[in-house]
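Q: A structural model of the following input is requested.
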Amino acid sequence: MSPKKKLASDIDIDQVVEETRRLVKESPLKTSPQPGVPPKETYSTTAINLPSKTLALLKQVAGARAAREGGRISVSAVLARLVEEHRSELEAEIKG
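A: Residues are numbered from 1 along each chain as shown. The predicted model follows:
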C-alpha cells in the first residue's frame, strides 16, 4: 500500500475526504431563495499562489461552513466574505 497523501505536514488527505463525505451526507443542501433566478453578481476566474498551510486552512474553513450552513465547499466564498468584511480597510490601502 502506498503512503498516505498529505495536503500539509499535519493534515491527512484521506481524513479530509472521509469527513467531507460524512458531512455532505448529514447536511441538507441549501437552495437559492428563488430557483431559476441568475445571480446579480458577475464572476471571473483567476489563479492565486498561497502557502500550502494557508490554503489548507481556507479549505478547512470552507468545509466547516458548508457543514454548518449547507451548500458546497467553497474557498472562493470564504475569500469573498473575508474581502467584504475588510472592504473599507482594503480600499483605504488603495488610497494610501
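Q: A47 should be in a strand, yeah?
A: No. The assignment for A47, made by DSSP: H, G, I helix; E, B strand; the rest coil, is coil rather than a strand.
Q: just want the most central residue of the protein.
A: V75 (2.2 Å; Cα atoms, centre = their mean).
Q: report the contact partners of that one.
A: By Cβ atoms under 8 Å, 6 or more residues apart in numbering, the residues touching V75 are L55, L58, K59, A62. Every residue, glycine included, has its C-beta placed from N, CA and C.
Q: could I get those residues as TSV with neighbour count and secondary structure?
A: Below are the contacts of V75 laid out as TSV (neighbours: other Cβ atoms under 10 Å; DSSP: H, G, I helix; E, B strand; the rest coil):
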residue	neighbour count	secondary structure
L55	15	helix
L58	17	helix
K59	19	helix
A62	18	helix
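Q: L79: which of the residues you listed is nearest?
A: Using Cβ to Cβ, L58 comes nearest to L79 of the contacts of V75, at 7.0 Å.
Q: which residue, other than its chain neighbours, is closest to that closest one?
A: With Cβ to Cβ, 6 or more residues apart in numbering as the criterion, L58 has its nearest non-adjacent residue at 4.7 Å, and that residue is V75.
Q: and that neighbour, what pLDDT?
A: Note for V75: predicted pLDDT of 94.
Q: could you measure from it over to A47?
A: Computed as Cβ to Cβ, to the nearest Å, the V75 to A47 distance reads 12 Å.
Q: next one: L23
A: As defined by Cβ to Cβ, L23 lies at a distance of 27 Å from A47.
Q: more neighbours: the two, which one.
A: L23 (15 against 4; other Cβ atoms under 10 Å).
Q: the more buried one against A67, yeah?
A: Yes. Using Cβ atoms under 8 Å, L23 is in contact with A67, at 4.1 Å.
Q: what are the boundaries of the strands in this structure?
A: With strands called from DSSP state E, the chain shows them at 6-8, 11-12.
Q: just the pLDDT for V37.
A: 62.
Q: just the helices in this protein please.
A: Shown for the chain, the helices assigned by DSSP state H span residues 13-26, 52-69, 75-85, 87-95.
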